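Trainee: Show me how the following folds:
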Amino acid sequence: SQLLDRSRVVSKDGSKFLTGDTIYHNQKTGIGKVYGDMFLQDSLRKAIIGGNYGYYDDNLGYAMATDSAYAIEYSDRDSLFLHADTLKMITDSLDRQMIAYYNVRFFRNDIQGVCDSLQYFSKDSLLSMYKNPVIWNGNYQLLGNQIDIYLNDSTIEKANVKEYSLGILKRPVENQFNQLTGRDMTATFENGNLKRLLVEGNAESLYYILSEDSTVIGLNKTESAFLSMDIKDDKVEKLKLWNSTKAQTTPLSQLDPKSSTLKGFVWLDYMRPVSAWDIFRSSKRKSEDNIAQPKRFRRPDVEIQSR
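Mentor: Predicted coordinates for the structure are as follows:
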């Protein structure tokens, strides 16, 4: 059947509600196509998917949206807003999976991010980002080859970066950044704020040493196999290095600007989604920020696979 003028279709179990400018719906198969301002809400699993074109299969629990596609995951106390060129949502009795392809942008109050493709599993509250992923939390930026984010009903718990990682903490002083890089990195959070960073393999750091009155003394550079850094109020509270450690401090008066950043450093704050509606803003890296990641950590692109 063809439904016009913002008609509404309700799923067999009454948990899903679909509206659109024009809907072609087969009641027997549960399959339909939507043209113009699709809005599909799963009230049971608390998720919304929308776009200017959509396809759905009620029997398979599958929905797809393109053209200004968006999804909202509101099962937690803090909603996740997601945009991509193409979005897919697959639901069953135990889990809900969202897959996003190309120009992915998302916003949550405690974390924001961009990447090329993304996969989200509601059962594990796991959000996996692929190909040039970047996330932000407060004044902290984290990037790598792949980032796995673990969420709970109120805030972010942990982020794992595999094979190559670069963490940057912006200081209140202009053009001053504390930095960490290495093979694998784990960032842990407390009450939505960055608490601790652990780097495993080829760890390097650059961080500013402060006096008791917060005056900058100099820039400290370290190299080690492993490194952990505790953060409090956007300041380095504790640093621990182990296995093959090296450290050198350069006074601020003798600091060469070229030595104040680690290899691969890039600050991408201009790409950051700043609100739920800002996920629709087009954001591309500036040409000068298309820096190749160090080859020692490089690996082939990861293919998204269903569980």
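Trainee: separation between the closest residue to Asp234 other than its chain neighbours and Gln97?
Mentor: With sequence-adjacent residues excluded and distances taken as C-beta to C-beta, 6 or more residues apart in numbering, Asp234 is closest to Asn139, at 5.4 Å. For glycine as for every other residue, the C-beta is placed from the backbone atoms N, C-alpha and C. According to C-beta to C-beta, to the nearest Å, Asn139 and Gln97 sit 32 Å apart.
Trainee: got the residue ranges for the strands in the stretch 1-150 of the chain?
Mentor: Along the stretch 1-150 of the chain, the stretches classed as strands by DSSP state E, counting those that start in this stretch are 2-10, 16-26, 31-42, 47-57, 62-73, 80-91, 96-108, 111-121, 126-130, 134-137, 140-151.
Trainee: number of nearby residues for the residue nearest to Asp234?
Mentor: Per other C-beta atoms under 10 Å, the neighbour tally for Asn139 reads 16.
Trainee: What residues sit buried inside stretch 140-154?
Mentor: 140-149, 151 (16 or more other C-beta atoms under 10 Å).
Trainee: go on, stretch 96-106?
Mentor: The neighbour-count check on stretch 96-106 (16+ other C-beta under 10 Å) flags 96-101, 103-106 as buried.
Trainee: That one - what's its average pLDDT?
Mentor: Here stretch 96-106 scores 94 as its mean pLDDT.
Trainee: can you give me how far it is from the chain middle?
Mentor: With C-alpha atoms, centre = their mean, to the nearest Å as the basis, stretch 96-106 stands 10 Å off its chain's centre.
Trainee: Could you do stretch 211-224 as well?
Mentor: Put simply, stretch 211-224 sits 30 Å off its chain's centre (C-alpha atoms, centre = their mean).
Trainee: Find me the pLDDT at the residue nearest to Asp234, would you?
Mentor: Value for Asn139, per-residue pLDDT: 92.
Trainee: buried residues in stretch 279-290?
Mentor: By neighbour count on 16+ other C-beta under 10 Å, the buried set for stretch 279-290 is Ile279.
Trainee: Would you mind extracting the C-alpha trace of that stretch into CSV?
Mentor: This file holds the C-alpha atoms of stretch 279-290, laid out as CSV (Å, rounded to 0.1, in the frame of the first residue of the first chain):
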residue,chain,number,x,y,z
ILE,A,279,26.4,16.5,14.0
PHE,A,280,25.0,17.6,10.6
ARG,A,281,27.8,20.1,10.0
SER,A,282,30.3,19.0,7.3
SER,A,283,33.8,18.8,8.7
LYS,A,284,37.0,17.9,6.8
ARG,A,285,40.6,18.0,7.9
LYS,A,286,42.5,21.0,6.7
SER,A,287,45.2,20.1,4.2
GLU,A,288,48.0,20.9,6.6
ASP,A,289,46.4,18.5,9.1
ASN,A,290,46.4,15.4,6.9
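Trainee: what comes into contact with that stretch?
Mentor: 68, 70, 81-83, 103, 105-107, 114, 132, 266, 268, 270-271, 273 (C-beta atoms under 8 Å, 6 or more residues apart in numbering).
Trainee: Widest-spaced pair of those?
Mentor: The two members of these with the most space between them (C-beta to C-beta) are Ser68 and Val266, at 28.4 Å.
Trainee: who has more neighbours, these two?
Mentor: More crowded of Ser68 and Val266, by other C-beta under 10 Å: Val266, with 17 against 14.
Trainee: Now the residue most central in space within the chain. Nearest residue, chain neighbours left out?
Mentor: Nearest to the mean C-alpha position of the chain, by C-alpha atoms, centre = their mean, lies Gly113 at 3.6 Å. Nearest non-adjacent residue to Gly113, counting by C-beta to C-beta, 6+ apart: Ile135, 4.1 Å away.
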